[in-house]
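Q: This is a predicted model, with the sequence first.
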Amino acid sequence: QSALTQPPSASGSPGQSVTISCTGTSSDVGLYNYVSWYQQYPGEAPKLLIYAVSERPSGVPDRFSGSKSGNTASLTVSGLQAEDEADYYCNSYAGSNNFVFGSGTKVTVL
Amino acid sequence: QVQLVQSGPEVKKPRASVRVSCKASGYTFNAYYLHWVRQAPGQRLEWMGQINPNSGGTHYAQKFLGRVTMTSDTSVSTAYMELSSLISDDTAMYYCARLPSGRFFFDYWGQGTVVTVSS
């Protein structure tokens, strides 16, 4: 199972928006509405940000939003803040009890 | 509160095996699948497989078939991941993560266990 494709980096100034793409195939992202997103700070475990494409767990700011079109899912961070500087990973269910992560995107707040 | 507490760092020689534990608390251990995810230094997250603590049933990523064994002990609410025939590329942080029943995301993660493979 190949990794989902994410851009290596993304950046924006405070207050701006940044969107990260996550491209899979018709066997994973395109087939299932089971895309989740995770935020990871250096030296820490990942933290769930978005599940089921666009749902936010309690406690996650509404600045974070998710969407999907065809084989590509997206995470948008609106009103960028310094604390949003982190690595972001998408994940998709791929059928038959398999899961696949994205290649990861480092977000820099300029 | 839900907690997944993993065992401490390990240093192993090539061709050896390593076992990492993940002790759960704050929820009904049998009711949630536990997954294992690893991350090599500076690299992406990589899904390794899952265990159903209730039945002991497992499913492994194809890449790790034949080398990984996931088990659980419900009496101590602990899951284990054993990786054998270690090579230097297995040097990574290993995480356990909980999957809510009937859902397809990981809501709680362990703190991670560093495994270093070096001669």
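A: Sure, I can see it. Numbers count the residues shown, from 1 in each chain, chains lettered A, B, ... in the order given.
Q: where does chain B come near chain A, residue by residue?
A: Selection of chain B residues close to chain A by Cβ under 8 Å from any Cβ of the partner chain yields B:35, B:37, B:44-47, B:50, B:59, B:61-62, B:95, B:97, B:103-107, B:109-112. (Glycine included, C-beta is placed from N, CA and C.)
Q: and the residue nearest the centre of chain B, what are its bridge partners?
A: Centre of chain B computed as the mean C-alpha position; nearest residue by Cα atoms, centre = their mean is residue B:36, 3.5 Å away. Going by DSSP bridges, residue B:36 is paired in beta bridges with residue B:49, residue B:96.
Q: wait, doesn't it sit right on residue B:82?
A: No - Residue B:36 lies out of contact with residue B:82 (Cβ atoms under 8 Å); the separation is 10.3 Å.
Q: Identify the contacts common to the two.
A: Common contact partners of residue B:36 and residue B:82 (Cβ atoms under 8 Å, 6 or more residues apart in numbering or on different chains): B:20, B:68, B:70.
Q: Retrieve the pLDDT associated with residue A:1.
A: As predicted, residue A:1 sits at a pLDDT of 72.
Q: quick one: residue B:71 and residue B:51 touch, right?
A: Yes - at 7.0 Å, residue B:71 counts as touching residue B:51 under the criterion of Cβ under 8 Å.
Q: what's the neighbour count on residue A:35?
A: Residue A:35: 29 surrounding residues under other Cβ atoms under 10 Å in any protein chain shown.
Q: In contact with the residue lying closest to residue A:47 once chain neighbours are set aside, which residues?
A: Leaving aside its sequence neighbours, residue A:47 sits nearest to residue A:39 (Cβ to Cβ, 6 or more residues apart in numbering or on different chains; 5.0 Å). Applying Cβ under 8 Å, 6+ apart to residue A:39 gives the contacts A:46, A:47, A:49, A:86, A:87, A:88.
Q: same thing but 7 Å
A: Each residue near residue A:39 by Cβ atoms under 7 Å, 6 or more residues apart in numbering or on different chains is listed here: A:46, A:47, A:49, A:86, A:88.
Q: now swap in residue A:68 and tell me
A: Residue A:68 neighbours (Cβ under 7 Å, 6+ apart): A:29, A:33, A:35, A:53.
Q: Who are the contact partners of the first one?
A: Applying Cβ under 7 Å, 6+ apart to residue A:29 gives the contacts A:4, A:22, A:35, A:68, A:71, A:72, A:73, A:92.
Q: which among these end up buried?
A: A:4, A:22, A:35, A:68, A:71, A:72, A:73, A:92 (16 or more other Cβ atoms under 10 Å in any protein chain shown).
Q: And the next helix or strand past the top strand by length along chain A?
A: What stands out as the longest strand in chain A, according to DSSP state E, is strand A:86-95. Counting by DSSP states H and E, the next helix or strand C-terminal to strand A:86-95 is strand A:98-101.
Q: What is that following strand packed up against?
A: strand A:86-95, strand B:45-51 (3 or more Cβ pairs under 7 Å, 6 or more residues apart in numbering or on different chains; DSSP states H and E).
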